[in-house]
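1. Can you look at this prediction? I've put the sequence above it.
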Amino acid sequence: MLQNNAGDDLAVGADGSFSFATSLDDGANYGVTVKTQPTALQVCVAKQAFGTVAGAAVSSVTVNCSEAGADRFGFAANERLDNLTAYTVSSDGSLSGVTTYALAGTPQHVTAHPSGKKLYASVYLG
């Protein structure tokens, strides 16, 4: 399920172009987001999804979904142990392949960059 500007829900079930029911005037801002992820083990992200309508229909927005069975990882901040734990998430949702990373401080939060190529952790050094 996609949304434009936090409304105008649009169900998309296959690859291809899509159009929202409510058109926007020239000069109006748009913001396409994924409201509901697929039920399969996938994550979908809208790209080039924010901007201003400039004289024509917007055709640059794409929605990219990970392939079923793609590598997925989960991370946990272990405050008492001063480390992060990484888990591989299997296609059935189970966790395996635990790897632990030592930190020079106490981790508070862990966030993955949307690209999947970076991991950010806030660490307390007190």
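-> Nice, I can see it.
2. I'd say Leu10 and Ser17 touch.
-> No. Using C-beta atoms under 8 Å, Leu10 makes no contact with Ser17, being 11.6 Å away. C-beta coordinates here come from the backbone N, C-alpha and C atoms, glycine included.
3. quick one, which of these two is more surrounded?
-> Legend: neighbour count by other C-beta atoms under 10 Å for Leu10 and Ser17, higher for Leu10 (15 against 9).
4. which residue sits closest to that one, ignoring its sequence neighbours?
-> Nearest non-adjacent residue to Leu10, counting by C-beta to C-beta, 6 or more residues apart in numbering: Leu2, 4.7 Å away.
5. if I look at that neighbour, how far off is Gly13?
-> Taking C-beta to C-beta, to the nearest Å as the measure, Leu2 falls 11 Å from Gly13.
6. which of the two has more neighbours?
-> More neighbours surround Leu2 than the other of Leu2 and Gly13, with 20 against 7 (other C-beta under 10 Å).
7. Just the pLDDT at that one, thanks.
-> Leu2 is assigned 93 on the pLDDT scale.
8. With Lys35 instead?
-> 90.
9. ditto for Leu41
-> With respect to pLDDT, Leu41 has a value of 68.
10. so Val32 is in which element?
-> For Val32, the host element (DSSP states H and E) is strand 29-34.
11. What of Pro107?
-> Short version: Pro107 belongs to strand 106-112, going by DSSP H and E.
12. Tell me which other helices or strands the helix or strand that comes right after that strand touches.
-> Using DSSP H and E, the helix or strand that follows strand 106-112 in sequence is strand 119-124. When contacts are defined as 3 or more C-beta pairs under 8 Å, 6 or more residues apart in numbering; DSSP states H and E, strand 119-124 sits against strand 106-112.
13. Can you give the distance from the strand it packs on to the centre of its chain?
-> On the basis of C-alpha atoms, centre = their mean, to the nearest Å, strand 106-112 sits 17 Å off its chain's mean C-alpha point.
14. same question, stretch 35-45
-> For stretch 35-45, the separation from the chain centroid amounts to 9 Å (computed by C-alpha atoms, centre = their mean).
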